[in-house]
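S.K.: Let's see this in three dimensions:
(chains A and B)
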Protein chains: 2
Amino acid sequence: MVSSAPSFPPQIEEEVGKLLKLKAQLGPDESKQKFVLKTPKGTRDYSPRQMAVREKVFDVIIRCFKRHGAEVIDTPVFELKETLTGKYGEDSKLIYDLKDQGGELLSLRYDLTVPFARYLAMNKLTNIKRYHIAKVYRRDNPAMTRGRYREFYQCDFDIAGNFDPMIPDAECLKIMCEILSSLQIGDFLVKVNDRRILDGMFAICGVSDSKFRTICSSVDKLDKVSWEEVKNEMVGEKGLAPEVADRIGDYVQQHGGVSLVEQLLQDPKLSQNKQALEGLGDLKLLFEYLTLFGIDDKISFDLSLARGLDYYTGVIYEAVLLQTPAQAGEEPLGVGSVAAGGRYDGLVGMFDPKGRKVPCVGLSIGVERIFSIVEQRLEALEEKVRTTETQVLVASAQKKLLEERLKLVSELWDAGIKAELLYKKNPKLLNQLQYCEEAGIPLVAIIGEQELKDGVIKLRSVTSREEVNVRREDLVEEIKRRTGQPLRIC
Amino acid sequence: MVSSAPSFPPQIEEEVGKLLKLKAQLGPDESKQKFVLKTPKGTRDYSPRQMAVREKVFDVIIRCFKRHGAEVIDTPVFELKETLTGKYGEDSKLIYDLKDQGGELLSLRYDLTVPFARYLAMNKLTNIKRYHIAKVYRRDNPAMTRGRYREFYQCDFDIAGNFDPMIPDAECLKIMCEILSSLQIGDFLVKVNDRRILDGMFAICGVSDSKFRTICSSVDKLDKVSWEEVKNEMVGEKGLAPEVADRIGDYVQQHGGVSLVEQLLQDPKLSQNKQALEGLGDLKLLFEYLTLFGIDDKISFDLSLARGLDYYTGVIYEAVLLQTPAQAGEEPLGVGSVAAGGRYDGLVGMFDPKGRKVPCVGLSIGVERIFSIVEQRLEALEEKVRTTETQVLVASAQKKLLEERLKLVSELWDAGIKAELLYKKNPKLLNQLQYCEEAGIPLVAIIGEQELKDGVIKLRSVTSREEVNVRREDLVEEIKRRTGQPLRIC
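M.R.: Coordinates of the predicted model:
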């Protein structure tokens, strides 16, 4: 088209024509693509460095779950839409639906608890201790800097079965404490409460049954806003009488250890409520077990802990970091929940055709927040994170040794050594050494013509720059000896 | 309603009334649910036993990928719809779209290759060796008995970067062979071809450019049907002249080793085609490297290998099992592809705003088929698969020892021992021993009143039934000593 423009002199037209031909030879003009190069809103890729952090955190968590004898299961990323219906209350609007392309109506899983309950009912299991680590999906407003995403991992551990009271519940709290201690992300506290105590308290304070859930969600805000604000919401927005709110206020502002449990067991009103009494009795027993587990000092009975999800029926808990590890150069991440869980004895029954109940208790680790904290800490420390485990680079000192390098690297792979080579016919030795420095590879096996004649390989330590000749038949053993310490994972 | 039926005598009415009241106390009638208790079509849960198989297979694969110095990345399960558009040809109809709930249009990933290319372009990476293990989604007609699902894992290893010819390509084939050998799923063969040889062959046989792809897909069927049938399709359905088809037939029915490459390099027609010549030259070089890697006997140059996906530009390969391990009691699984891959030098350029190309070569392990094969083999052997790693059960011989059990199990957890206890206040010793037999737990630490007085724990081997008293302070070391062999993973 340009060449047909009448105003250009023929010489220019000719030159433009030549350029256009050259351009055509380069293939279609791909620079004209209009799409945005990004991941969907609220999601992210994990780079190798981030994956190294993720694997460390998962390793701590999985080792703990296995230490407690858990099996592992997996379920599909989507479920029939109706499987998720009626399980999440108001939050249901955050569920991702798949497009109706014919066939079943599907939704992405919102958590791992509902699929677990569906799995138990479907397989008629009455008894299992399992963990499940997988991504879940919520169309929430992401706050990615604080580790909140639309696609994020949950690490769940649950115990299903009809057991004696509070033994599995205590183990769940023990697991939470073990994991948070091992991860070394700072001091933490686990708040504990019981749905039955909350409901009993609402009842004796004069809240009508129909308002339990909404008042519950007001109470849940006490970790973020003052009692005055919560009271205003209860009275102004939710129509509670001020004296009813004040009665609630007297309770929910209390927290403490087992002595608070004992005090409330003597409370003339609360102790008259059957539900509350059951809850308090169980909490007392729970504290006994937590003392035997040596974690009672980490636990706080907190009457303001309410937890959002509808399906909890008994003890509930939530772990919070007491302070962010805000060291030099770190942005404060804000204190927040890093693990939570509770007892849900009715959920499996919602799936069982005959309504058979399977009591369950479990916990979920909020790993995305933990990833953020560990990443920030590593960045602040400017700590070098290796993203590969390569033990040795097979290098050559002269040209024309590609075949020898290929032979040697193959020998090493076959012997189980983690080895690499540069994909160049004749790489410079300096480039090969630089590659090791950048990737953190500790050893270089250098082939040279003299070494080939002598039947040896020059083994060089990258950090000390020391070189020794090793007989080829001893090379594998020598590399294993030098890198033999099992790679520390955490 | 029943009680208001006029035809029943009052006694019956009264009894029915009582029953209805009792029923009401049991809560809402959940038996009236209408939904089907299942996973979506083409998907499945993984039971603990299946997860044990999955973890074994993944472990072999990941160890190999790490042995070859790969980093690991992860990407979201969904991508912007436009990211996937125009990458899969006809198969695009199998992509799962998410419902438009406001915001971006999203689709579930169809493979890991396109997200990898998007990742490279987005992060302007020109050089990476990475693996990625994750689920992908295809609305295909599932054949689940043969290990084909709508949600399934891919295990991908890819090398991106501008390197000297055939070195990374040869490493990909080496990796494929290492993994398939380690998995011990039977003898296998890797078919190799090159897109440039195919295109060159079609050109010299007289196929018009526009028919390359469709004729390619006819050729691809040669591993399942006879040449006669393929020829009929080419001539009858796709309008090729019979003599053109015959010329193709002369080529595509050939397979062999490097000698076939050399023979075709002398082929008067094929050697005149620039593309084919390049492909053959590269294959010759590839065979040299494969010989150095000691895997040339596993490789067959097969002119009928075509591979479906559009994005391949050079060498392509596919591993097939030579025979199913159909032993006693096993149903034959049918021979099929268990790994595949190839070179795709143009895909990253489709995402880069300036069309900059990043040459890539990679492979994908078809793990679902492999899971099926390993599972079937385990079932046929009636092999017991442990689904936990518990080393010891903390048990008691008498009643009223729950507190002591809780104290001891907590000590063991804190010392890193994998330990369990039954969640009963007073379990019978027999039940505790039976639990160990079923779960394959090798040791029982038995607390009794006498042992408590003596400061010892009775340690029992479940298989030999031998019992010895161990001083409590030596218990951890003794358990470690007895179960100290690192658990063999495969």
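S.K.: what's the pLDDT at the nearest residue to A:Leu475 once chain neighbours are set aside?
M.R.: Spatially, and ignoring its direct neighbours in sequence, A:Leu475 is nearest to A:Ile457 (5.3 Å; C-beta to C-beta, 6 or more residues apart in numbering or on different chains). C-beta coordinates here come from the backbone N, C-alpha and C atoms, glycine included. Note for A:Ile457: predicted pLDDT of 97.
S.K.: residues in contact with A:Ile457?
M.R.: Contacts were defined as C-beta atoms under 8 Å, 6 or more residues apart in numbering or on different chains; by that measure A:Ile457 touches A:408, A:445-447, A:451, A:469-470, A:472, A:475.
S.K.: Among those, name the ones in strands.
M.R.: A:445-447, A:469-470 (DSSP state E).
S.K.: Among the residues you listed, the buried ones, what's the PyMOL command?
M.R.: Buried residues within those, by 16 or more other C-beta atoms under 10 Å in any protein chain shown, are selected in PyMOL with:
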select buried, chain A and resi 445+446+447+470
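S.K.: how about the host helix or strand of the residue nearest to A:Leu475: buried residues?
M.R.: Taking DSSP states H and E as the criterion, the element that holds A:Ile457 is strand A:456-461. Within strand A:456-461, the residues scored as buried using 16+ other C-beta under 10 Å are A:456-460.
S.K.: so what's the residue nearest to A:Leu475 bridging to?
M.R.: A:Val470 (DSSP bridges).
S.K.: residue boundaries of the strands in the stretch 101-250 of chain A?
M.R.: Remark: strands assigned in the stretch 101-250 of chain A by DSSP state E, counting those that start in this stretch are A:106-108, A:128-137, A:151-160, A:188-194.
S.K.: Give me the domain ranges for chain A.
M.R.: A:48-380, A:392-483 (the TED database).
S.K.: most packed of those?
M.R.: domain A:48-380 (a mean of 19; mean count of other C-beta atoms under 10 Å in any protein chain shown).
S.K.: what's the spacing between that domain and its chain's center?
M.R.: 15 Å (C-alpha atoms, centre = their mean, to the nearest Å).
S.K.: where does the stretch 251-400 of chain A dip in pLDDT?
M.R.: Applying pLDDT under 70 to the stretch 251-400 of chain A picks out residues A:308, A:324-335.
S.K.: can you tell me the helix or strand for whichever residue of it sits closest to chain B?
M.R.: Using C-beta to the nearest C-beta, A:Gly355 is the residue of the stretch 251-400 of chain A that sits closest to chain B, at 3.5 Å. A:Gly355 belongs to no helix or strand when assigned by DSSP H and E.
S.K.: try A:Leu264
M.R.: Per DSSP H and E: helix A:258-265 holds A:Leu264.
S.K.: Please list the residues outside the helix or strand just after that helix that contact it.
M.R.: On the C-terminal side of helix A:258-265, the closest following helix or strand by DSSP H and E is helix A:274-292. With contact meaning C-beta under 8 Å, 6+ apart, helix A:274-292 is reached by A:165-167, A:169-170, A:173-174, A:192, A:194-197, A:199-201, A:203-204, A:257-258, A:261-262, A:264-265, A:270-271, A:296, A:299, A:301, A:314-315, B:403, B:406-407, B:410.
S.K.: A:Pro353: what secondary structure?
M.R.: Using DSSP: H, G, I helix; E, B strand; the rest coil, the structure places A:Pro353 in coil.
S.K.: A:Phe301 too?
M.R.: Under three-state DSSP, the three-state class of A:Phe301 is strand.
S.K.: Many thanks, we can stop here.
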